[in-house]
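Enquirer: model the structure of this input:
(chains A and B)
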Amino acid sequence: MWDYTDKVKDHFLNPRNVGVIEDADGVGEVGSIACGDALTFYFKLGEGGRIKDAKFQTFGCASAIASSSALTEMVIGKTLDEVSKITNDDIAGYLGGLPKEKMHCSVMGREALEKAIACHLRQPDKIVEGEIVCECFGVTDREIERAVRENRLKTIEDVTDYTKAGGGCEKCHERIQGIIDSVLGTTRLAPIKPKVLTTIQKIRLIEESIEREINPTLKKDAGRLELVDVNGDRVMVRLGGTCASCSKSHITLKHYVESKLRELVSPELVVEEVP
Amino acid sequence: MNVIYLDNNATTQVAPEVVQAMLPFYSELYGNPSSMHSFGGGVAASIKEARENVARLLGAAADEIVFTSCGTESDSTAIRAAIESYPAKKHLVTSRVEHAAIKNLFESLSKKGYRTTFVPVDRQGRLDLDFLYENLTDDTAIVSLMWGNNETGVIFPIEEISRRVKERGIVFHTDAVQTVGKIPIDLSRTGVDMLSLSGHKIHAPKGIGALYIRKGTKFAPFMIGGHQEKGRRGGTENTAAIVGLGKAAEMARKHMASGSYTAVRELRDTLENEILAHVPSTFVNGDRANRLPNTTSIAFEYVEGEAILLMLNEYGICASSGSACTSGSLEPSHVLRAMGVPFTAAHGSIRFSLSRFTTRQEIDFVLEKLPPVIARLRQMSPFWKSAMLKARG
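Expert: Numbers count the residues shown, from 1 in each chain, chains lettered A, B, ... in the order given. This next block holds a predicted model:
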């Protein structure tokens, strides 16, 4: 069972402002039924350009409904300039926090708000759609980039919690990692690589790369990689920690470890898992 | 608040008689069944009786029963035993709708060099038998198919399949965790070589399971240690839980004989039919003609399962869901996806699973509380109105 705050439960069981505004000044639609959650957000402006009414309709879990309800309460009485500063973290904070795996519900709220404002300003172009990275959940590079930047996300799992991207077939994990790296501007300390490697140099460099680069990343998921042997370009490794029992370990191995070792040591390397 | 417990495929209430049977083994009867003295020997006699009761429930012989810690251990033991007994064979067969105990084990083995075949099911959750038989090879070490599905209750024709697989000289295992104690099983009439069962699904406590191993089946233990369970599973016996499982098996057999599962089936059918009659855009997942008597999976279109469960929770009603949000993953259950249940319905699928303790009053209470919950969530859903307009043309 999810550990929801009392405020989340309250907004779920007694949602505020459910419904439709027929003559709305702005409407924002996000999500889809295939993805498991969707939100349509409406607002109506009153005197002094302040939002006098806001309504929502949501298909989704308790935290999606609570986030939508919270959003409507947060915007009523404010100007568009004020509400355009609302972040997903503000929505989660208003509810006393959300479980990490449910942060995407707050992101959905912020996105709907943004779309509704762009709709009002007749600037749909202002919403740069970006290019789809995660095909399972239709998440674009721009959305991922923004979530990483605003929430200082560090791992693919974080990105999945906040945007759902990467939570399906996992084919996009490499691209997500690329976005994380570019946003965080990671100038990680890479081992110095000589031009031509002798066998002993190659083994040392592999060991060094695993210790400095790969294991610190795997450690976030309580995983660990152990070098077993090197035979020519074949690198034999064993996964330990949670990686050993994790069903995603094969993907970790292929996509992450291999590409990292190819980048840092030699492009010819092939990583193999040994029991 | 009263608890209306309709989540018996997750776990069951321990029957009071089972608790009573177990208690002495937590106090005065603490002897080790392996001991030479009669103080331990008395405990061994109780374990023998429990083993006989479990065997009788399955139509098996007592020495074909090995006690384990849970259904998952039984499954892992069975699959690994077959692999170890036939080291040259590198092909494993299962279905696409198995419990995680088999599904994740097979996925893990496929990474270790085994070729795995996952047999598909149709829209009703029925196994593609032609596909299964066509994919059996001389390299196949084991076929493992669940007897009854935990999410939909759909029953696979294990008697027939097991005989055909056995004719091919291939080991056959079935995960019958949801099936044992709910429908009569007579293993002597099947080709089943190994069968997994779990105590806490049949009103025994958690932490006890059993593996049936047909006499003559090649076997290698998973837990190696002392001579307990005739060397098939090392480790001092969980005596109280074994006695509890024996008592639960004895009671399950009596209850099935006295028709209590007909009563459960009638209650399930009432619940299902009334929901279908009173809640629009709703359907049953799975082959209604061939199901465990206690299970129904109902899809409520255009609403999300977690929201339904948490609103029911406010009334003390316990059920479960195949939706993404409840599983911690982002996609709906692999069972519903394998069946091709559309996303509009998979996200809003709820499983109700009854037991012999379920009463008519409880079903009536659910029938009173559920339709307004669905109506309320649909009124909140941005898809409901447009779906209704479309339906009216």
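
Enquirer: so what's the closest residue to chain A within the stretch 1-150 of chain B scoring on pLDDT?
Expert: Closest residue of the stretch 1-150 of chain B to chain A, Cβ to the nearest Cβ: residue B:111 (4.9 Å). Where you see a C-beta, it was placed from the backbone N, CA and C, and this is true even at glycine. Looking at residue B:111, its pLDDT reads 94.

Enquirer: separation between residue A:36 and chain B?
Expert: 5 Å (Cβ to the nearest Cβ, to the nearest Å).

Enquirer: re earlier: shouldn't the residue of the stretch 1-150 of chain B closest to chain A be in contact with residue A:273?
Expert: Yes. The pair residue B:111 / residue A:273 is scored as a contact, 7.2 Å apart, by Cβ atoms under 8 Å.

Enquirer: and the two? which has more neighbours close in?
Expert: residue A:273 (20 against 14; other Cβ atoms under 10 Å in any protein chain shown).

Enquirer: bridging residues for the more buried one?
Expert: Here residue A:273 sits in beta bridges with residue A:237, as judged by DSSP bridges.

Enquirer: thought it was touching residue B:113?
Expert: No. Contact criterion Cβ under 8 Å: residue A:273 and residue B:113 do not qualify, at 10.1 Å.

Enquirer: what is the least confident helix or strand in chain A?
Expert: Least confident helix or strand of chain A, by mean pLDDT, DSSP states H and E, is helix A:249-251 with a mean of 65.

Enquirer: downstream of the helix or strand of chain B with the lowest mean pLDDT, the next helix or strand is which one?
Expert: Lowest mean confidence among the helices and strands of chain B (mean pLDDT, DSSP H and E): helix B:324-327, at a mean of 59. As assigned by DSSP states H and E, the chain's next helix or strand after helix B:324-327 is helix B:334-338.

Enquirer: and the next helix or strand after the least confident helix or strand of chain A, which residues are buried?
Expert: Sequence order places helix A:258-264 as the next helix or strand after helix A:249-251, per DSSP H and E. Within helix A:258-264, the residues that count as buried by 16 or more other Cβ atoms under 10 Å in any protein chain shown are A:258, A:259, A:260, A:261, A:262, A:264.

Enquirer: please enumerate the helices of the stretch 1-150 of chain A.
Expert: Applying DSSP state H, counting those that start in this stretch to the stretch 1-150 of chain A gives helices spanning A:6-13, A:62-75, A:80-83, A:88-94, A:103-120, A:141-151.

Enquirer: kindly export the fifth one (C-alpha atoms) in CSV.
Expert: By that I understand helix A:103-120. C-alpha atoms of helix A:103-120 as CSV (Å, rounded to 0.1, in the frame of the first residue of the first chain):
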residue,chain,number,x,y,z
MET,A,103,6.0,12.2,-8.6
HIS,A,104,4.9,11.9,-12.2
CYS,A,105,1.4,12.8,-11.0
SER,A,106,2.6,16.2,-9.9
VAL,A,107,4.5,16.7,-13.1
MET,A,108,1.3,15.9,-15.0
GLY,A,109,-0.4,18.7,-13.0
ARG,A,110,2.3,21.3,-13.9
GLU,A,111,2.2,20.3,-17.6
ALA,A,112,-1.6,20.7,-17.7
LEU,A,113,-1.3,24.1,-16.1
GLU,A,114,1.3,25.2,-18.6
LYS,A,115,-0.7,23.9,-21.6
ALA,A,116,-3.8,25.8,-20.3
ILE,A,117,-1.8,29.0,-20.0
ALA,A,118,-0.4,28.6,-23.5
CYS,A,119,-3.9,27.9,-24.8
HIS,A,120,-5.1,31.1,-23.2
